[in-house]
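Engineer: Pasting a predicted model and its sequence here:
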Number of protein chains: 2
Amino acid sequence: MFVLGVDPGLVRCGYAILNRSDEGIAVETAGLIETPRDLPLSVRLLEIFDLLREVMQLCAISVVVVERVLFQSNVRTAMSVGQASGAALMAAAACSLPVVQMSSNEVKLALVGDGGASKLQLQTMVQRLLLLDQLPGPPDVVDAIGLAYCYLSVAPHQRELWPVT
Amino acid sequence: MFVLGVDPGLVRCGYAILNRSDEGIAVETAGLIETPRDLPLSVRLLEIFDLLREVMQLCAISVVVVERVLFQSNVRTAMSVGQASGAALMAAAACSLPVVQMSSNEVKLALVGDGGASKLQLQTMVQRLLLLDQLPGPPDVVDAIGLAYCYLSVAPHQRELWPVT
């Protein structure tokens, strides 16, 4: 079962496809979509949409897990992150894939046991869980891995925690 | 010169194409995109994107004016309005059209002379400016008309007030 995690962002959008097989959970592919700051906002959002649709066609993905945007202190950032998350949702709909949204705190709570865990704690736990040789990065990709891992690691009946949006 | 105004919203998204010719400014077409609340968010955003792209192909539009989302008291609404505005921006980029963003206050200030004008005041002013037989509505469409009118009514050099985003 392939699950795509997306940590949306206008400047950096992390994504990761994880596969759950009989041998366990492993990263199939992961990367970062970066859009240049000198392009118009409209073009940057469309680029995120287009590139995520390409990612969604790499393998037979069952679910797209998008980080739920919570309001931050920086109002301008919150809006652009929200719009980037909208682009991710739309890409999933364009590929007829169901979407679940999950907050960063939910992922940290599930994987580290502390909703307020640091980025380093999450990186360290993702390294252990996926038996990686080195600390994974950058943070946007680690967050995307965390989202997909979180969904794949719970029992199917527990997935109702995150309704399709 | 055709200009499309869009008042983005997840439940109701108003749009209006205005034309400025030698005879003045007139509404070419206007309408409302409504997406059912029982559909997934991802599908609703994609529907707004698809339908706005269709609207953008109705005539040779020069600029798309999208209402700039300001943060409201209702955090949930602000996020979905932001995502709907992202869908409008992306539709413009998909049609290779430049976008300017303008706040509701800027429109009211320019047309009514008061940034805090009521919906009725804006409706009344739009009716007068466009010489309409009756009060235009619904409010989302009036806002979209106001956005496009505002852009068309200022002198070209003043349009730098609203940089392309």
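Structural biologist: Everything's here; your move.
Engineer: Quick check: A:Glu47 vs B:Ala94, distance?
Structural biologist: Per CB to CB, to the nearest Å, A:Glu47 is found 11 Å from B:Ala94. Heads up, the C-betas are built off the backbone N, CA and C, glycines and all.
Engineer: In three-state terms, how would the residue located most distally from the centre of chain A be classified?
Structural biologist: Note on chain A: the largest C-alpha distance from the chain mean falls to A:Asp38, namely 24.9 Å (CA atoms, centre = their mean). Of the three states, A:Asp38 takes coil under DSSP: H, G, I helix; E, B strand; the rest coil.
Engineer: OK, contacts around the nearest residue to A:Glu67 once chain neighbours are set aside?
Structural biologist: Of all residues not flanking A:Glu67 in the chain, A:Asp7 sits nearest, at 5.0 Å (CB to CB, 6 or more residues apart in numbering or on different chains). For A:Asp7, the contacting residues are A:Cys13, A:Gly14, A:Tyr15, A:Glu67, A:Asp140, A:Val141, A:Asp143, A:Ala144, A:Leu147, by CB atoms under 8 Å, 6 or more residues apart in numbering or on different chains.
Engineer: Now go through those residues and say which are in strands.
Structural biologist: Counting by DSSP state E, the part of these found in strands is A:Cys13, A:Gly14, A:Tyr15, A:Glu67.
Engineer: Could you identify which of those residues has the most neighbours?
Structural biologist: A:Tyr15 (30 neighbours; other CB atoms under 10 Å in any protein chain shown).
Engineer: That residue contacts A:Glu54, correct?
Structural biologist: No. When contacts are counted by CB atoms under 8 Å, A:Tyr15 is not listed as touching A:Glu54 (10.4 Å).
Engineer: Spatially nearest residue to A:Thr29 (excluding sequence neighbours)?
Structural biologist: Nearest residue to A:Thr29, sequence neighbours excluded (CB to CB, 6+ apart): A:Ile17, at 5.1 Å.
Engineer: Quick one: mean pLDDT over the host helix or strand of that neighbour.
Structural biologist: Per DSSP states H and E, A:Ile17 falls inside strand A:12-21. Average pLDDT, strand A:12-21: 97.
Engineer: other SSEs contacting that strand?
Structural biologist: Applying 3 or more CB pairs under 8 Å, 6 or more residues apart in numbering or on different chains; DSSP states H and E, we find strand A:12-21 packed against strand A:2-7, strand A:24-34, helix A:41-56, helix A:139-153.
Engineer: Now do it and strand A:2-7, the angle between them.
Structural biologist: Counting by axes from the mean of the first three to the mean of the last three CA atoms, to 10 degrees, strand A:12-21 lies at 160 degrees to strand A:2-7.
Engineer: Tell me which residues of strand A:12-21 come out buried.
Structural biologist: Neighbour-count burial for strand A:12-21, counted by 16 or more other CB atoms under 10 Å in any protein chain shown, picks out A:Arg12, A:Cys13, A:Gly14, A:Tyr15, A:Ala16, A:Ile17, A:Leu18, A:Asn19, A:Arg20.
Engineer: now, among those, which is nearest to B:Ser80?
Structural biologist: A:Cys13 (19.7 Å; CB to CB).
Engineer: ok, now how distant is the residue nearest to that closest one when sequence neighbours are not counted from chain B?
Structural biologist: Of all residues not flanking A:Cys13 in the chain, A:Ile33 sits nearest, at 4.2 Å (CB to CB, 6+ apart). Distance from A:Ile33 to chain B, counting by CB to the nearest CB, to the nearest Å: 14 Å.
Engineer: neighbours around A:Ile33, how many?
Structural biologist: There are 25 residues near A:Ile33, going by other CB under 10 Å.
Engineer: Tell me the strands beside the strand holding A:Ile17, with direction?
Structural biologist: The strands that strand A:12-21 pairs with in its sheet are strand A:2-7 (antiparallel), strand A:24-34 (antiparallel) (by DSSP bridges).
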